[in-house]
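Student: quick one: sequence plus predicted model below, questions after.
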2 protein chains.
Amino acid sequence: MQEKEISQAVIRRMPRYYRYLGELLEDGVERISSNDLSKRMNVTASQIRQDLNNFGGFGQQGYGYNVKFLYEEIGKILGLNQKHNIIVIGAGNLGQALANYVKFEKLGFVITALFDVNPALEGVTVRGIKIHMLDELEDYCKDHVVDIAALTMPKEKADAIANRLVNLGIQAIWNFAHVDLDLIDKDVVVENVHLSDSLMQLSYNIVKNKQNK
Amino acid sequence: MQEKEISQAVIRRMPRYYRYLGELLEDGVERISSNDLSKRMNVTASQIRQDLNNFGGFGQQGYGYNVKFLYEEIGKILGLNQKHNIIVIGAGNLGQALANYVKFEKLGFVITALFDVNPALEGVTVRGIKIHMLDELEDYCKDHVVDIAALTMPKEKADAIANRLVNLGIQAIWNFAHVDLDLIDKDVVVENVHLSDSLMQLSYNIVKNKQNK
């Protein structure tokens, strides 16, 4: 069955619902109305209902949402009910920062290895995760299940490495290199984190903010 | 004069135009049609025209865009014609990774200091940028111009630090802590980089991709 295509704008909001519901759950809240959730999240109740209706609703008119159920259902929608193994290409500060984030593991994202070309990093471990040399990549991917590759190396090398990973069967790339990847397989999923773009958006809003004062 | 409000969706696309125009400029391209730019960027020509019309156009029917002019105008729109001083709160891997990015400086974003509570980091420098102890924050902000504070510390402390920065007059926060900041001054500009949210969006698309095969 072909399901209705859900817009990436809706998908972008789902992790935030998941985060807020997780906090409610920790606070022992069992049930919440879309109005209360709306106040807490600072979005309209109608937006919440519309977003969740994309996935079939989950609420009962007049009874609100069951927090635990909704949290788990959104988790399933986001694919958090399965483990995702991640390798990180580039073991500089950013790569090591990712390896140090314990929180990713709680969500089912497990960084299993880092790769770099700097011989000084060979065999070094970050939170117990080993840094391999890049020429071991092929062997590693043959012997291990890799679901996601995070690219934290310079943009000049990003396309070549990304396509090497695609040839090794990797179907998802978390791209921190400041370039739009040009992949040989257009079906590979790419999620970009462009820090410079984010800074530019911030500076646009700074300028606009000053003009409005 | 009250200008028309431009949507954040349009603003989010502007850094990408800026990046592609910068590459064209490096390649010595002087003029480009919206069709050619559209092919290169993989968006429709009509989208490009619509986006740029928000700022008054810049193109001449039949002549295309002057690359250098458009690059500089978008730079001005994004506030890149002025310098922005950044301090980083949290000198762990992520904070140090930000301090090591030379590219930010080329865009006018200059990291001038890092702050941390770990005494082992006192006086350590990253690419010549000094790590200060957090209790020096007030003195530092009195003596230096600070335009942006980047928060790379744990989410539990983010609200308290953010409001301390707001009290010190800082008007813009680049937030990497995995929480929506609750600020005493709602006029302060916040740009979030929520890495966990980005991973969840990636895993949603992995699941969807598998279903479609």
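Tutor: Perfect, I can see it now.
Student: ok, the nearest residue to residue A:141 once chain neighbours are set aside to chain B distance?
Tutor: In space, residue A:141 comes closest to residue A:168 once its chain neighbours are excluded; the distance is 4.3 Å by Cβ to Cβ, 6 or more residues apart in numbering or on different chains. Glycine gets a C-beta too; all of them are placed from N, C-alpha and C. In this view, residue A:168 and chain B are 16 Å apart by Cβ to the nearest Cβ, to the nearest Å.
Student: same question, residue A:213
Tutor: For residue A:213, the distance to chain B (Cβ to the nearest Cβ) stands at 8 Å.
Student: neighbours of that residue, how many?
Tutor: The burial count assigned to residue A:213 is 6, neighbours taken as other Cβ atoms under 10 Å in any protein chain shown.
Student: and the strands in chain A?
Tutor: Under the criterion DSSP state E, chain A contains strands at A:31-32, A:65-66, A:84-89, A:109-116, A:125-126, A:129-133, A:148-151, A:172-175, A:189-192.
Student: hey, least reliable of these by pLDDT?
Tutor: Taking the mean pLDDT of each of these, the lowest value is held by strand A:65-66, a mean of 90.
Student: contacts for it?
Tutor: With Cβ atoms under 8 Å, 6 or more residues apart in numbering or on different chains as the test, strand A:65-66 has contacts from A:30, A:31, A:32, A:33, A:34, A:37, A:58, A:59.
Student: so where's chain A uncertain?
Tutor: Within chain A, the stretches with pLDDT under 70 are A:1-4, A:57, A:59-61.
Student: report all helices and strands that the lengthiest helix in it contacts.
Tutor: Among all segments of chain A classified by DSSP state H, the helix with the greatest residue count is helix A:8-26. Under the contact criterion of 3 or more Cβ pairs under 8 Å, 6 or more residues apart in numbering or on different chains; DSSP states H and E, helix A:8-26 touches helix A:34-41, helix A:45-53, helix A:67-77, helix B:195-211.
Student: still on that earlier bit, just the strands of chain A: most buried one?
Tutor: Each of those was given a mean neighbour count from mean count of other Cβ atoms under 10 Å in any protein chain shown, and the largest, a mean of 26, is that of strand A:148-151.
Student: now it, how far from the centre of its chain.
Tutor: Relative to its chain's centre, strand A:148-151 lies at 11 Å (Cα atoms, centre = their mean, to the nearest Å).
Student: over to stretch A:26-37?
Tutor: Its chain's C-alpha centre lies 25 Å from the corresponding centre of stretch A:26-37 when counted by Cα atoms, centre = their mean.
Student: now the terminal residues of that stretch, how far apart.
Tutor: Taking Cα to Cα, to the nearest Å, the first and last residues of stretch A:26-37 lie 15 Å apart.
Student: show residues contacting that stretch.
Tutor: A:20, A:24, A:45, A:48, A:49, A:59, A:63, A:64, A:65, A:66, A:67, A:68.
Student: now do stretch A:89-101
Tutor: Outside of stretch A:89-101, the residues within contact range by Cβ under 8 Å, 6+ apart are A:88, A:104, A:111, A:114-116, A:118, A:121, A:124, A:126-127, A:129, A:131, A:134, A:137, A:149-153, A:161, A:165, A:176, B:92-94, B:96-97, B:100, B:195.
Student: which of the residues in it are buried?
Tutor: Buried residues in stretch A:89-101, counting neighbours by 16 or more other Cβ atoms under 10 Å in any protein chain shown, are found at A:89, A:90, A:91, A:92, A:93, A:94, A:95, A:96, A:97, A:98, A:99, A:101.
Student: turn the helices and strands packed on helix A:8-26 into a markdown table, including mean neighbour count and distance to residue B:185.
Tutor: Listed next are the helices and strands packed on helix A:8-26 as a markdown table, based on neighbours: other Cβ atoms under 10 Å in any protein chain shown; distance: least, Cβ to Cβ, whole Å:
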| stretch | mean neighbour count | distance to residue B:185 |
| --- | --- | --- |
| helix A:34-41 | 16 | 20 |
| helix A:45-53 | 15 | 25 |
| helix A:67-77 | 18 | 31 |
| helix B:195-211 | 20 | 24 |
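Student: tell me which of those helices sits nearest to residue B:187.
Tutor: Each of the helices and strands packed on helix A:8-26 has some distance to residue B:187 by Cβ to Cβ; the shortest is helix A:34-41, at 20.4 Å.
Student: how distant is the closest one from the center of its chain?
Tutor: Taking Cα atoms, centre = their mean, one finds the center of helix A:34-41 at 24 Å from the center of the full chain.
Student: could you do stretch A:98-109 as well?
Tutor: Using Cα atoms, centre = their mean, the distance between the centre of stretch A:98-109 and that of its chain works out at 11 Å.
Student: using CSV, list the CA coordinates for that stretch.
Tutor: The C-alpha coordinates for stretch A:98-109 follow below in CSV (Å, rounded to 0.1, in the frame of the first residue of the first chain):
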residue,chain,number,x,y,z
LEU,A,98,30.0,12.8,18.5
ALA,A,99,31.7,9.7,19.9
ASN,A,100,31.5,11.2,23.4
TYR,A,101,27.7,11.9,23.3
VAL,A,102,26.2,9.3,25.6
LYS,A,103,22.7,10.5,24.7
PHE,A,104,22.8,9.1,21.2
GLU,A,105,23.1,5.6,22.6
LYS,A,106,20.0,6.1,24.7
LEU,A,107,18.1,6.7,21.5
GLY,A,108,19.5,3.6,19.9
PHE,A,109,22.3,5.2,17.8
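Student: tell me the domain ranges of chain A?
Tutor: Structurally, chain A divides into domains by automatic domain parsing as follows: A:8-77, A:84-197.
Student: quick one: end-to-end distance for the shortest one.
Tutor: Which is domain A:8-77. 13 Å.
Student: now swap in the longest one and tell me
Tutor: Using Cα to Cα, one end of domain A:84-197 lies 27 Å from the other.
Student: doesn't residue A:141 make contact with residue A:169?
Tutor: Yes: Residue A:169 sits in contact with residue A:141 when judged by Cβ atoms under 8 Å, with a separation of 7.0 Å.
Student: cool, thanks, talk later.
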